[in-house]
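A.B. asks: Just need the structure, nothing else, for what follows:
(one chain, ligands or ions: 1)
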Amino acid sequence: MSTLSLGLTRDSAVDRDEAGPLRDRRELFLIPEGTIYLDGNSLGALPRAVPARLTEAVSEEWGRGLISSWNSADWINLSRRVGAKIGPIIGVAGADVHVGDSTSVALFKTMVAACRMRPERRAIVLESSTFPTDGYIAAGVARLLGLEVRWCDSADPSASLDEDVALLLLTHVDFRTGAMFDMGALTRAAHGCGALMLWDLCHSAGAVPVELTEHDVDFAVGCSYKYLNGGPGSPAYVYVAPKHQAGLDQPITGWMGHARPFDMDRDYAPVEGVARMGSGTPPVLALTALDAALDVFGGIDHATLRMASLSLTDYFIDLVDARLGADFEVVTPRDSARRGSQVSLRHEQAYGVVQALIERGVVGDFRTPDLARFGFAPLFVTHVDVYDAVDHLVSVMEHEEFARPSYATRNLVT
Ligand SMILES: Cc1ncc(COP(=O)(O)O)c(C=O)c1O
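C.D. replies: You can find the predicted model right below:
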């Protein structure tokens, strides 16, 4: 069947954009002319409001206000204010979200705190295909606490659960394939054997609905530089269910988690609530950028976000099937209930394919050994972007642009 008869024309892409529920949001981003940005699952695009807000924070708050800005610009509560904006995106009260460390450090602190709540249990379960830092940190925590890392099969994580498991750690959406776990079913499975549940939301929050309270999740950690558009290295967030906050014993007991940091007491006494996940001085400039960036989510409900995301990924898959079906294997689930907001295509020359696309202004990325990955951030990617990206991909394949000798050496960051 032709792309015309399937309704896969560029005109149809324009129509889809005009009817889209998030059509007004792209204007809130600064995306370079001529760039089709399909890498918001790695580094989000720049929200238009951020540069001016950062300039103000640097010139006025830091430059003029100097140290008084901890009070006058309320830097001291900035983490709390950012947490309040992230809460609705992950289906929790903002007061239960702490923002401040890198994802890796947040994972470490949360894993230790969780495992300390199940002292009689010996195992942390996670999938062997998880993002590497999750596994590396779990191994470090296991060494520190004398536990065992148990690798589960992503096809059925619950098969690895028993009464010796303290914590199940899963990444909600897989960074390679874009496959999404059933958060409710797996959290219930963990609880069913007495374990606690920690979700890594790096590849889901901001692009797919996340309902932590509804699913009775114990802990969650996520980065803010992907679909939350906080900027390179922007701080991670941690959610701790209210029922666990009073007993929370995290390992980096710095003064910013103390009940009265400016009393300068000798002994540590944790502050009430999720703020006890704090350790040191918060990254004020990075938090300021994130605070401004998060406003692009104002007024968007989870159902609308999901509809917009699936419309883009469905459209991309349909176009690839119709125009490039012989060249690529779509490794992302076709079942929309199991799909995040990215689509990964397998090809043995995937690195060259991605580099050739980047030269044409279509930015996706490569994941070793053979995946070309495309992220569809529903706030700024349009159906016209998707149509044009596939057009470029068709040309890359037709002219074998992926085979250029310059692609024989890979960049450090791919
Ligand atoms: C699932 C997942 N977890 C963790 C991280 C990274 O953690 P950090 O922010 O500490 O670099 C990433 C980064 O891409 C990720 O995809």
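A.B. asks: in stretch 50-57, what counts as buried?
C.D. replies: The neighbour-count check on stretch 50-57 (16 or more other CB atoms under 10 Å) flags 50, 53-54, 57 as buried. To be clear about C-beta, it is placed using only N, CA and C from the backbone, and glycine gets the same treatment.
A.B. asks: Could you do stretch 126-141 as well?
C.D. replies: The neighbour-count check on stretch 126-141 (16+ other CB under 10 Å) flags 126-127, 129-131, 134-135, 137-138, 140-141 as buried.
A.B. asks: from the stretch 151-300 of the chain, which residue is nearest to the ligand?
C.D. replies: Going by CB to the nearest ligand atom, the ligand is nearest to C202 of the stretch 151-300 of the chain, at 3.7 Å.
A.B. asks: will you turn the buried residues of stretch 50-57 into a markdown table that also has pLDDT and secondary structure?
C.D. replies: A markdown table is the format used below for the buried residues of stretch 50-57 (pLDDT from 0 to 100; DSSP: H, G, I helix; E, B strand; the rest coil):
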| residue | pLDDT | secondary structure |
| --- | --- | --- |
| V50 | 98 | helix |
| R53 | 98 | helix |
| L54 | 98 | helix |
| A57 | 98 | helix |
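A.B. asks: Filtering the buried residues of stretch 126-141 by proximity to the ligand, which remain?
C.D. replies: 131, 134 (CB under 6 Å from any ligand atom).
A.B. asks: Could you tell me which of the buried residues of stretch 126-141 belong to strands?
C.D. replies: Using DSSP state E, 126-127 are the members of the buried residues of stretch 126-141 that sit in strands.
A.B. asks: Looking at the buried residues of stretch 126-141, which one is closest to the ligand?
C.D. replies: Closest to the ligand, out of all of the buried residues of stretch 126-141 and judged by CB to the nearest ligand atom, is F131, at 3.4 Å.
A.B. asks: can I assume that closest one is in contact with C202?
C.D. replies: Yes. Counting by CB atoms under 8 Å, C202 is a contact partner of F131 at 7.0 Å.
A.B. asks: what touches both of these two?
C.D. replies: Counting by CB atoms under 8 Å, 6 or more residues apart in numbering, the contacts common to F131 and C202 are 171, 175.
A.B. asks: one step back: got the contact list for the residue of the stretch 151-300 of the chain closest to the ligand?
C.D. replies: 103, 131, 171, 175, 222-223, 226.
A.B. asks: These in strands, which ones?
C.D. replies: 171, 222.
A.B. asks: Could you provide the contacts of C202 in CSV, with additional columns for pLDDT?
C.D. replies: Below are these laid out as CSV (pLDDT from 0 to 100):
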residue, pLDDT
T103, 98
F131, 97
T171, 98
F175, 97
G222, 98
C223, 98
K226, 98
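A.B. asks: With distance to A337 added, can I get the contacts of C202 in TSV?
C.D. replies: Compiled in TSV, these are given as follows (distance: CB to CB, whole Å):
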residue	distance to A337
T103	26
F131	22
T171	17
F175	19
G222	21
C223	24
K226	22
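A.B. asks: Just the buried ones out of the contacts of C202, please.
C.D. replies: Buried, going by 16+ other CB under 10 Å: 103, 131, 171, 175, 222-223, 226, out of these.
A.B. asks: Name the nearest residue to D321, sequence neighbours excluded.
C.D. replies: Spatial nearest neighbour of D321, excluding adjacent residues (CB to CB, 6 or more residues apart in numbering): V330 at 7.3 Å.
A.B. asks: Please look at that neighbour and L319 and confirm they touch.
C.D. replies: No. V330 is beyond contact range of L319, at 11.0 Å (criterion: CB under 8 Å).
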